[in-house]
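1. structure, please.
(one chain, ligands or ions: 1)
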Amino acid sequence: MPRIAFIGLGNMGGGMAANLVKAGHAVNAFDLSADALDRAKANGCAVFADAKEAVGGVEAVVTMLPNGKIVDAVYAGDVIGHAPTDAILLDCSTIDVETARGVASQAEQAGYAMVDAPVSGGIAAADAGTLTFMVGGSEAAFARAEPILSAMGKAVIHAGGSGAGQAAKICNNMLLGASMIATGETFKLAEKLGLDLQTFYDISSKASGQNWSMTSYCPVPGVGPQSPADNDYAGGFASALMLKDLRLAMEAASGADADTPMGARAAELYEAFAAKHGELDFSAIIKSLE
Ligand code: NAD
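-> Predicted structure coming up:
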């Protein structure tokens, strides 16, 4: 089993690295946070105080970091030129397409194979090893990345060339953000028109309004399957992270000259909501749609 360096063992990366250990990999962990490293150690990782040392002699490097600026800095400063050139590099963070392509291109120029492999699924899926990975990179790089990602997820999909994983992720989340708002405002209107919300759910979930935000993650407490709405909107996927993804989508849309009026409105509404309630699950936006 290949030895893997894992950089960024926070809410998501902590569980992902633990699953690599469970699958039989030796894992070298590096994080700026001492708490994250303590948890990594308890989960069976070897912990390092220096990223450059952590990537020495490994066959793969996985990163799960907050944003594109940090990903760029970590690859330029600590990974490229320090990990063996035959190591495969996998960035699982959610970042902008342009930075993903830029970092991969620098890595390739230095002789590495690299993929962008952002995830769908939250902290619970990271802990359970049931994430979905959307992967951008060459066929050859995907073939090498796939077994490593499979140890942390239930589905690993090749989206296309470099940056395609990030493109798929932000397109999906732009649709998710817009559909959650549309679902929330629809239930609020149904209520104001005097409909019983369970009855409306029973109708719409079997009619053409049906969508994932309604039938898998209903924002109305007590209606549909168990969801963060049933837990005062705690846990789940934080509104601040939805806002992050919508901003990335708007940046990509502007770079690609794409007209995305619903995505733009969703970004505006999450901007206002997350300013006050960034920690609440993104379905809590229904509360602002009175
Ligand atoms: P987090 O803040 O919990 O974890 C990030 C970790 O990176 C922290 O432990 C931090 O100390 C570490 N870090 C920051 N800079 C570093 C550096 N220079 N070197 C080493 N370590 C460094 O964030 P998270 O929730 O785990 O999210 C990670 C990524 O996953 C983000 O890009 C996020 O958008 C994406 N994501 C998160 C979720 C979710 O539900 N939390 C879901 C899907 C995707």
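
2. now stretch 19-31: mean pLDDT?
-> Model confidence over stretch 19-31, given as mean pLDDT, is 98.

3. do you know how far the residue of the stretch 1-150 of the chain found nearest the ligand is from Ala272?
-> Nearest residue of the stretch 1-150 of the chain to the ligand (Cβ to the nearest ligand atom) works out as Gly10 at 1.8 Å. Yep, even glycine has a C-beta here, placed from its N, CA and C like the rest. Gly10 sits 26 Å away from Ala272, going by Cβ to Cβ, to the nearest Å.

4. got the contact list for Thr187?
-> Just to correct that, residue 187 is Phe rather than Thr. Leu197, Phe200, Pro219, Val220, Val223, Ile286 (Cβ atoms under 8 Å, 6 or more residues apart in numbering).

5. how far does the host helix or strand of it sit from its chain's centre?
-> Using DSSP states H and E, Phe187 sits in helix 164-192. Distance, stretch centre to chain centre, for helix 164-192: 16 Å (Cα atoms, centre = their mean, to the nearest Å).

6. can you pick out the residue with more neighbours from Gly10 and Ala272?
-> Gly10 (19 against 12; other Cβ atoms under 10 Å).

7. so what's the residue nearest the centre of the chain bridging to?
-> Centroid-nearest residue in the chain: Val119, 4.1 Å away (criterion: Cα atoms, centre = their mean). Per DSSP bridges, the residues bridged to Val119 are Phe133.

8. state the distance from it to Lys154.
-> 11 Å.

9. anything in contact with each of these two?
-> Common neighbours of Val119 and Lys154 (Cβ under 8 Å, 6+ apart) are Leu131, Thr132.

10. got the residue ranges for the strands in the stretch 151-290 of the chain?
-> With DSSP state E, counting those that start in this stretch as the criterion, the stretch 151-290 of the chain has strands at 153-160.

11. what does it have sitting close to the ligand?
-> Proximity of the stretch 151-290 of the chain to the ligand, by Cβ under 6 Å from any ligand atom, involves residues Phe237, Leu241, Lys244.

12. got the phi and psi for the nearest residue to the last one once chain neighbours are set aside?
-> Right, Lys244. By the measure of Cβ to Cβ, 6 or more residues apart in numbering, the closest residue to Lys244 outside its immediate chain neighbours is Thr94, 7.1 Å from it. Backbone geometry at Thr94, expressed as degrees, to the nearest 10, gives phi -90, psi 110.

13. give me the neighbour count for Thr94.
-> 26.

14. test my guess that it contacts Gln166.
-> Yes: Thr94 lies in contact with Gln166 (Cβ atoms under 8 Å); the separation is 7.1 Å.
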